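Student: got a sequence here, can you model it:
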Amino acid sequence: MFLKCLSNTWDEEQAKAVAKFGKDINEESAADLHSFQITSGCHWADLRRATENHGVVNQNIMQRIDEANPTRLAQIIGSVPWAYNNKKPAERLERLVDHFSQRNSGRTLEHRI
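Tutor: Reported below is the predicted structural model:
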């Protein structure tokens, strides 16, 4: 769920940047307008494209986001054991990904970070 919130918030900020500066805004300029960085391959959509091992993919994405935001998201993400199938069966995690994909959860996160 946290990845979904991060991704939605980032998308909203990106839409504002494009609205303000046009669709040709470069990545570096847009980065200045974001509360945090979502690096390439670390968006909710990337998790959605995964066909298996959602727990491992989610864990890797969250670690990369944590590394890209050492001061902004320090100790918020941490190391959550998403990849432990004995605790979180793969089917259950896949259903959660599908469920949360139907919701937009961005705006509330912006004020919490």
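Student: for the biggest helix by length in the chain, list every residue counted as buried.
Tutor: Scanning the chain for the helix with the most residues, using DSSP state H, yields helix 2-21. Buried positions in helix 2-21, judged by neighbour count with 16 or more other CB atoms under 10 Å: 3-14, 17. For every residue, glycine as well, the C-beta is placed using N, CA and C.
Student: by contact count, what packs against it?
Tutor: Other elements packing on helix 2-21 under the criterion 3 or more CB pairs under 8 Å, 6 or more residues apart in numbering; DSSP states H and E are helix 27-31, helix 44-49, helix 54-68, helix 107-110.
Student: closest to residue 38 out of those helices?
Tutor: Ranking these by proximity to residue 38 (CB to CB) places helix 54-68 first, at 6.5 Å.
Student: one step back: JSON lines please, covering the buried residues of helix 2-21 and showing distance to residue 31 and pLDDT.
Tutor: Listed next are those as JSON lines, based on distance: CB to CB, whole Å; pLDDT from 0 to 100:
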{"residue": "3", "distance to residue 31": "19", "pLDDT": "89"}
{"residue": "4", "distance to residue 31": "21", "pLDDT": "90"}
{"residue": "5", "distance to residue 31": "19", "pLDDT": "88"}
{"residue": "6", "distance to residue 31": "15", "pLDDT": "91"}
{"residue": "7", "distance to residue 31": "16", "pLDDT": "94"}
{"residue": "8", "distance to residue 31": "18", "pLDDT": "92"}
{"residue": "9", "distance to residue 31": "14", "pLDDT": "92"}
{"residue": "10", "distance to residue 31": "10", "pLDDT": "93"}
{"residue": "11", "distance to residue 31": "14", "pLDDT": "93"}
{"residue": "12", "distance to residue 31": "15", "pLDDT": "93"}
{"residue": "13", "distance to residue 31": "10", "pLDDT": "92"}
{"residue": "14", "distance to residue 31": "10", "pLDDT": "91"}
{"residue": "17", "distance to residue 31": "9", "pLDDT": "90"}
